[in-house]
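Engineer: Got a predicted structure plus its sequence, pasted below:
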Amino acid sequence: MAAKVNVKTSDSTSTKDLTFLPAINFSFVESVVKSGSKSQGDKEISKGYKYFSEKYLFNISVHKLDNGCMVTARCHRSQKKNESPHEIEISLVEGPGLESSNCSCAIGKSGTCGLVTGLLYTLAHMKASNLKSIPSDILKTSLPQTWHIPRGKPRGLRSTLYNPSKIDFPPVRELCEAVSKVDNSILMLSVCSGTSQETTDTKFGKFPKGSALGYQQKLSAHYILNILDEDFPILPIDNFMLNTLQVALNRTKTTSFNAIQVSMDETRNIEVMTRLQSDDPRWHAVRRDRLTASVAGDIVKRRAGLLSTK
């Protein structure tokens, strides 16, 4: 495809006259897209026909050139209701032939995109309908549905920045005393405690341990314990596996068996130390010699179709 021709267009040179447009049809559009696309062009053809059939393109205008014309148009962004439409520009010469094409989208800068294809389909449909001029844009009330067309009024810019100030937790006792002087029947005084409580470091400063912010915004780079209790209780781990097998091992096997046994206190210490799991080196050290699902495939594998009957 030829390089883009730099032609200055203005409202004074634009027209709705289709007599300057070369005779093009749908087969011409498909051949141009397939030859100008880096791939087979099926995706561009499918999207382009959708833009044409669902009336995504608007503000189509023709600019006469020496051996053809330049057509400009705008196209709504699919599902992008708060962004400006894309700008499309193509140059058609007698023959017919597509001399150049340009679109403000990312694909249109390097090849024939779906928006350019949609404009070509629209022009080919107008020529096939023997139209002498470009019809006015169809009103929304005349279309089956217009939910895919973005709303015209854009949303204003809104700031979403939030800068939490990390300050110390204010003294509750002083606050309650000041409030009680104004009105001692306020319900807040019945639930606030003036006694000092243990605090926890959070992203918003120090808060009482056990409070919602105390466990939801706990300062930790890896995990958050969503526990309302102040201290995690020690779980009663009882062994319900009854050993009915009696085996007399020799000295070597007995030594190896005793080496892998852990006591109840060691079990609880391992649980506390390995709560970060894969982010903690001690978690890998405990699982190094353990038979787990991740290493089971290195020990035994089942060959596919081994037990199938012929």
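Structural biologist: Great, that's in hand.
Engineer: use CA for all of it now, contacts and neighbours both
Structural biologist: Fine.
Engineer: next helix or strand past the lowest-mean-pLDDT helix or strand in the chain?
Structural biologist: When each helix and strand of the chain is scored by mean pLDDT, DSSP states H and E, helix 212-216 comes last, with a mean of 69. Per DSSP states H and E, the first helix or strand lying C-terminal to helix 212-216 is helix 251-259.
Engineer: Pull the residues that contact that next one.
Structural biologist: For helix 251-259, contacts defined as C-alpha atoms under 8 Å, 6 or more residues apart in numbering pick out no residues.
Engineer: Send me it as PDB with only the CA atoms.
Structural biologist: In PDB, the C-alpha atoms belonging to helix 251-259 read as follows (Å, rounded to 0.1, in the frame of the first residue of the first chain):
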ATOM      1  CA  ARG A 251      18.400 -50.400  65.000                       C
ATOM      2  CA  THR A 252      19.000 -48.500  61.800                       C
ATOM      3  CA  LYS A 253      15.300 -48.300  60.900                       C
ATOM      4  CA  THR A 254      14.300 -47.300  64.500                       C
ATOM      5  CA  THR A 255      16.800 -44.500  64.400                       C
ATOM      6  CA  SER A 256      15.500 -43.200  61.100                       C
ATOM      7  CA  PHE A 257      11.900 -43.500  62.300                       C
ATOM      8  CA  ASN A 258      12.600 -41.600  65.500                       C
ATOM      9  CA  ALA A 259      14.400 -38.800  63.500                       C
END
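Engineer: what packs against the helix or strand following it?
Structural biologist: Of the helices and strands lying after helix 251-259 in sequence (DSSP H and E), the nearest is helix 264-273. In terms of contacts (3 or more C-alpha pairs under 8 Å, 6 or more residues apart in numbering; DSSP states H and E), helix 264-273 is not packed against any helix or strand.
Engineer: Show me what secondary structure element comes after helix 264-273.
Structural biologist: With elements assigned by DSSP H and E, the helix or strand that comes after helix 264-273 is helix 281-287.
Engineer: Show me what that following helix is in contact with.
Structural biologist: Counting by C-alpha under 8 Å, 6+ apart, the neighbours of helix 281-287 from elsewhere in the structure are 273, 274, 276, 277, 278.
Engineer: switch the cut-off to 6 Å
Structural biologist: Residues lying outside helix 281-287 but in contact with it, judged by C-alpha atoms under 6 Å, 6 or more residues apart in numbering, are 274, 277.
Engineer: so after that helix, what's the next helix or strand?
Structural biologist: helix 293-299.
Engineer: Keeping just the C-alphas, turn that following helix into PDB.
Structural biologist: The C-alpha atoms that make up helix 293-299 are tabulated as PDB, following Å, rounded to 0.1, in the frame of the first residue of the first chain:
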ATOM      1  CA  ALA A 293       1.500 -34.000  45.800                       C
ATOM      2  CA  SER A 294       4.100 -31.800  44.100                       C
ATOM      3  CA  VAL A 295       6.800 -34.500  44.300                       C
ATOM      4  CA  ALA A 296       4.600 -37.600  44.000                       C
ATOM      5  CA  GLY A 297       5.100 -37.600  40.200                       C
ATOM      6  CA  ASP A 298       8.800 -38.000  40.600                       C
ATOM      7  CA  ILE A 299       8.200 -41.300  42.600                       C
END
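Engineer: average pLDDT across it?
Structural biologist: Looking at helix 293-299 alone, the average pLDDT works out to 76.
Engineer: Ok, stretch 204-211 next?
Structural biologist: In the prediction, stretch 204-211 has an average pLDDT of 73.
Engineer: Report all helices and strands that the helix ranked longest in the chain contacts.
Structural biologist: Counting residues, the longest helix found in the chain (DSSP state H) is helix 114-128. Packing partners of helix 114-128 (3 or more C-alpha pairs under 6 Å, 6 or more residues apart in numbering; DSSP states H and E): helix 42-53.
Engineer: and with 7 Å instead?
Structural biologist: Secondary structure elements in contact with helix 114-128, counted by 3 or more C-alpha pairs under 7 Å, 6 or more residues apart in numbering; DSSP states H and E, are helix 26-36, helix 42-53.
Engineer: just those: most buried one?
Structural biologist: Comparing the helices and strands packed on helix 114-128 by mean neighbour count (mean count of other C-alpha atoms under 10 Å), helix 42-53 comes out on top with a mean of 18.
Engineer: next helix or strand past that one?
Structural biologist: As the chain continues past helix 42-53, the following element, by DSSP H and E, is strand 57-64.
Engineer: And the average pLDDT for that following strand is what?
Structural biologist: If you average the pLDDT over strand 57-64, you get 88.
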